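Chemist: Return atomic coordinates for the entry below.
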Amino acid sequence: MRRDNLRAIFYIVLKDMRTYYLKPPAISWGIAFPVVWILAFYLRNPKSFEELLPGLVAMTILFSTTAAEAVVINFELRLGSLERLLLAPVSLPAVLLGKILGGALFGLLMTTVVTTGSAIILGAHPQVLYLILIVLPSLFTFAALGAFLCVSVKEVFEAQTLLNLPRFVMIFLCGVVYPVSAMPKALQYIAYLMPLTYTVEGLRYSFTGGTIYSVLIDALVLVGFSLIFIYPAFGLLRRKFE
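Modeler: A predicted model of the protein is given here:
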């Protein structure tokens, strides 16, 4: 049974990459939108672009993992694709995990392109180990967030609308363009309740220097957020088949 689940997860990821993620709309949300958005701040103050680099990578992680993640489950529920998957010897958690890993893998590809390109252009020298420790749990966390919001509603357009709210709130409150430490105390408390804050913080340590303990703390917090999203997502998805 375990082997069947692993095989199913692999093919779900492969199918989703071909069908949903490696398409122009997903790529544009994954790379073009974060780059264009950050360039708007660069044109305002070109000297501070290096300071925006962690925010650019964090936005790429956020938008690439959720580019199609928040619609694929509801879309396939309408088509009946998920029901056909469950006719095979595969468990519902394996199906959900395959969907989440598909978004995370696409996010990894987009993040690698943006991070590598930005580092070469700016001559940045990030700590590769720190990047790995913070990027991997971030990818899984935001892919899980997309899946959770997807199964929380019935329609595809509802999932996209629902996802836009936390995405844009996190952009402005989680230190992407404005340091959390410079915000009013009330907003700081809100910021530290959001996963993107820990992604930006860990990425800043990776690019500007910091201790591995600080990065590990941020990574562990992100793992905690991923569990917070995954467990209710599984419960909600199971209800859709009852």
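Chemist: how close does the spatially most central residue of the chain get to residue 93?
Modeler: By C-alpha atoms, centre = their mean, the mean C-alpha position of the chain lies nearest to residue 142, the distance being 3.1 Å. Between residue 142 and residue 93 the computed distance is 19 Å (C-beta to C-beta, to the nearest Å). Bear in mind the C-beta positions are built from the backbone N, C-alpha and C, glycine included.
Chemist: which residue packs closest to residue 13, ignoring adjacent ones?
Modeler: Leaving aside its sequence neighbours, residue 13 sits nearest to residue 102 (C-beta to C-beta, 6 or more residues apart in numbering; 4.5 Å).
Chemist: So what does the nearest residue to residue 178 once chain neighbours are set aside look like in phi/psi?
Modeler: Sequence neighbours aside, residue 172 is the residue nearest to residue 178 in space, at 7.5 Å (criterion: C-beta to C-beta, 6+ apart). Torsion angles at residue 172 (phi, psi; degrees, to the nearest 10) stand at phi -90, psi -20.
Chemist: how deep is residue 172 tucked in, by neighbour count?
Modeler: 13 (other C-beta atoms under 10 Å).
Chemist: So which bits of stretch 219-237 are buried?
Modeler: 219, 221-222, 225-226, 229-230, 233-234, 236-237 (16 or more other C-beta atoms under 10 Å).
Chemist: Any idea how many residues pack against the closest residue to residue 240 other than its chain neighbours?
Modeler: Excluding the flanking residues, the one nearest residue 240 by C-beta to C-beta, 6+ apart is residue 77, at 6.4 Å. Residue crowding around residue 77 was assessed by other C-beta under 10 Å; the count is 18.
Chemist: Does residue 77 touch residue 236 like I think?
Modeler: No: judged on C-beta atoms under 8 Å, residue 77 makes no contact with residue 236 at a distance of 11.5 Å.
Chemist: Show the low-confidence segments of the chain, by residue range.
Modeler: Filtered on pLDDT under 70, the chain yields the residue ranges 1, 29-30, 37-50, 242.
Chemist: Would you tell me which helix is longest in it?
Modeler: Ranked by residue count, the top helix of the chain under DSSP state H comes out as helix 92-122.
Chemist: Buried residues in it, which are they?
Modeler: In helix 92-122, counting by 16+ other C-beta under 10 Å, buried: 94-111, 114-115, 118-119.
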